[in-house]
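1. Build the 3D model from these lines:
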Amino acid sequence: MNKLDQLKAITSVVADTGDIEAIKLFTPQDATTNPSLIYKAAQLPLYRNLIEESVTWAQSQNGALLDNVLDMISVKIGLEILKTVPGYVSTEVDARLSFDTLATVEKARKLISLYEDAGIARERILIKIASTWEGIQAAKVLEQEGITCNLTLLFNFAQAVACAQAGARLISPFVGRILDWYKKSEGKDSYPSMKDPGVVSVSRIYRYYKAHGYKTIVMGASFRNTGEIEALAGCDKLTISPALLSDLEKDTSKLEAALNDQQASKDEKWPELSEQDFRWQMNQDPMATEKLSEGIRNFAADLISLEAFIQKSFISESEVATHA
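-> As a prediction, the model looks like this:
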């Protein structure tokens with residue numbers, strides 16, 4: 001067996017892409033998307049008809065035209081992915097709403113409504129939300145409505161604790177981006193896989209959740225190399241880019257599980273986090289503070305680029321103004 005097949009035997013493998021052809025190639029359980037991936041996918045000829053259909057639909061709706069187009073494009077790409085994967089697809093809320101609980105809840109309800117109008121049960125959709133305090137509180141509301149959430153851009157243990165306490169279905173702690181920060185901060189070129197700061201962070205979260213009975217799924221994300229993936233083999237889920245999936249598929253050496261749900265946690269169970277506690281913990285972690293804000297900025301920038309691409313190629317400025 002190659003390492004990808006070995007990994008699939010102990011961990012649910014998720015494709016980190018909006019490219020449907022890549023998803024078909026690697027047969028993952030689930031797929032995740034984000035604004036950056038949607039922007040890349042939207043520029044492929046394969047998706048042109050989906051954009052045209054989204055624009056036509058948006059022109060018949062009330063509200064801001066571009067907002068409606070972006071929502072429908074995200075859903076249409078999600079619908080195509082759902083034809084290929086048997087499990088979840090993650091669809092992300094506009095990153096520009098990351099500090100607005102009410103707007104995040106409303107956007108999530110709208111996305112779920114669009115999926116349900118297309119005949120997809122909400123149980124197959126994870127609404128992807130940045131792990132800000134406001135985003136976590138939105139997830140708490142949505143989970144109580146049966147709208148399951150994927151809390152993303154997660155870099156800090158306090159974020160993970162708050163997500164579990166809110167009852168989030170799934171979290172996406174970012175491995176590679178944590179590594180990037182520490183390499184720059186500490187002036188190192190690399191770390192051994194088991195000492196990789198991103199691997200250490202996700203392993204700690206996983207063991208804490210299992211030791212204290214939290215049902216929130218841990219899905220490691222944002223990998224820079226296969227060594228990180230192997231060091232987290234056994235985690236609930238891992239979302240992996242097509243390039244790294246291909247590398248795993250080519251490797252036929254032995255893969256051992258690094259994590260299991262019987263491992264002890266060094267962390268006592270935390271009391272319920274208040275907003276003040278959460279913000280203080282984030283304030284004390286420069287890596288998490290910087291990477292969270294950077295991630296939100298970058299996702300927002302890709303949404304703005306996608307809007308510009310759509311407006312240039314598919315709709316006129318007068319139409320945008322008419323539907324404002």
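
2. Do I have it right that residue 175 meets residue 200?
-> No - counting by C-beta atoms under 8 Å, residue 200 is not a contact partner of residue 175; they are 9.6 Å apart. Every C-beta, even on glycine, is put in place using the N, C-alpha and C of the backbone.

3. ok, these two, which is more surrounded?
-> Using other C-beta atoms under 10 Å, the more surrounded residue of residue 175 and residue 200 is residue 175, with 27 against 16.

4. so who does the more buried one touch?
-> Neighbouring residues of residue 175 by C-beta atoms under 8 Å, 6 or more residues apart in numbering: 196, 198-199, 201-202, 220-224, 228, 232.

5. and with 6 Å instead?
-> For residue 175, the contacting residues are 198, 202, 220, 222-223, 228, by C-beta atoms under 6 Å, 6 or more residues apart in numbering.

6. mind listing what residue 87 touches?
-> Counting by C-beta under 6 Å, 6+ apart, residue 87 has contacts 29-30.

7. Over to residue 61?
-> Counting by C-beta under 6 Å, 6+ apart, residue 61 touches residue 68.

8. Then it would be within a strand, right?
-> No - assignment of residue 61 by DSSP: H, G, I helix; E, B strand; the rest coil gives coil, placing it outside any strand.

9. As a check, name the ranges of all strands in the stretch 151-300 of the chain.
-> Secondary structure of the stretch 151-300 of the chain (DSSP state E, counting those that start in this stretch): strands at 170-173, 217-220, 237-240.

10. Can you say which of those is nearest to residue 284?
-> Closest approach to residue 284 among the strands of the stretch 151-300 of the chain (C-beta to C-beta): strand 170-173, 17.9 Å.

11. chain center to the helix or strand residue 141 falls within, what's the gap?
-> Using DSSP states H and E, residue 141 sits in helix 133-144. In terms of C-alpha atoms, centre = their mean, to the nearest Å, the centre of helix 133-144 is found 15 Å from the chain centre.

12. Could you check it and say which residues are buried?
-> By 16 or more other C-beta atoms under 10 Å, the buried positions in helix 133-144 come out as 133-143.

13. What of stretch 288-302?
-> Applying a neighbour-count criterion of 16+ other C-beta under 10 Å, one finds 288, 291-292, 295-296, 299-300, 302 buried in stretch 288-302.

14. can you pull the buried residues of stretch 145-165?
-> Using 16+ other C-beta under 10 Å as the burial criterion, the residues of stretch 145-165 that qualify are 147-165.

15. now swap in stretch 192-199 and tell me
-> Judged by neighbour count using 16+ other C-beta under 10 Å, the buried positions of stretch 192-199 are 193, 196-199.

16. can you tell me which residues contact residue 44?
-> Residue 44 neighbours (C-beta under 6 Å, 6+ apart): none.

17. Swap in 10 Å and give it another go.
-> 18-21, 50 (C-beta atoms under 10 Å, 6 or more residues apart in numbering).

18. what's the most distant pair in those?
-> Taking C-beta to C-beta, the two most distant members of the contacts of residue 44 are 21 and 50; they sit 14.1 Å apart.

19. The two: who's more crowded?
-> residue 50 (19 against 11).

20. my guess is that one contacts residue 80, does it?
-> Yes - Residue 50 lies in contact with residue 80 (C-beta atoms under 10 Å); the separation is 7.3 Å.

21. Mutual contacts of the two, please.
-> Common contacts of residue 50 and residue 80 (C-beta under 10 Å, 6+ apart): residue 41.

22. Would you confirm that residue 14 belongs to a strand?
-> Yes - Residue 14: assigned to a strand according to three-state DSSP.

23. For residue 118, see how far away it is.
-> 22 Å (C-beta to C-beta, to the nearest Å).

24. Between these two, which is the more surrounded one?
-> Set residue 14 next to residue 118 and count neighbours by other C-beta under 10 Å: residue 14 wins out with 27 against 12.

25. confidence score at the more buried one?
-> Predicted confidence (pLDDT) for residue 14: 96.

26. Spit out the contact partners of it.
-> Contacts for residue 14 (C-beta under 10 Å, 6+ apart) come out as 23, 28-32, 85, 87-90, 170, 172, 219-221, 237-240, 245.

27. cutoff 6 Å now
-> 28, 30, 32, 237, 239.

28. Report the contact partners of the third one.
-> Residues in contact with residue 32, defined by C-beta under 6 Å, 6+ apart, are 14, 16, 90, 239.

29. Phi, psi for it please.
-> phi -120, psi 150 (degrees, to the nearest 10).

30. Please name the nearest non-neighbouring residue to the residue most central in space within the chain.
-> With distances taken as C-alpha atoms, centre = their mean, residue 152 lies nearest the centre of the chain, 4.7 Å away. Closest residue in space to residue 152, ignoring its immediate chain neighbours: residue 172 at 4.4 Å, by C-beta to C-beta, 6 or more residues apart in numbering.

31. Residue 218 is in contact with that neighbour, correct?
-> No - counting by C-beta atoms under 6 Å, residue 172 stays clear of residue 218, with 8.7 Å between them.

32. Leaving out the residues flanking it, which one is nearest to residue 273?
-> Of all residues not flanking residue 273 in the chain, residue 162 sits nearest, at 5.0 Å (C-beta to C-beta, 6+ apart).
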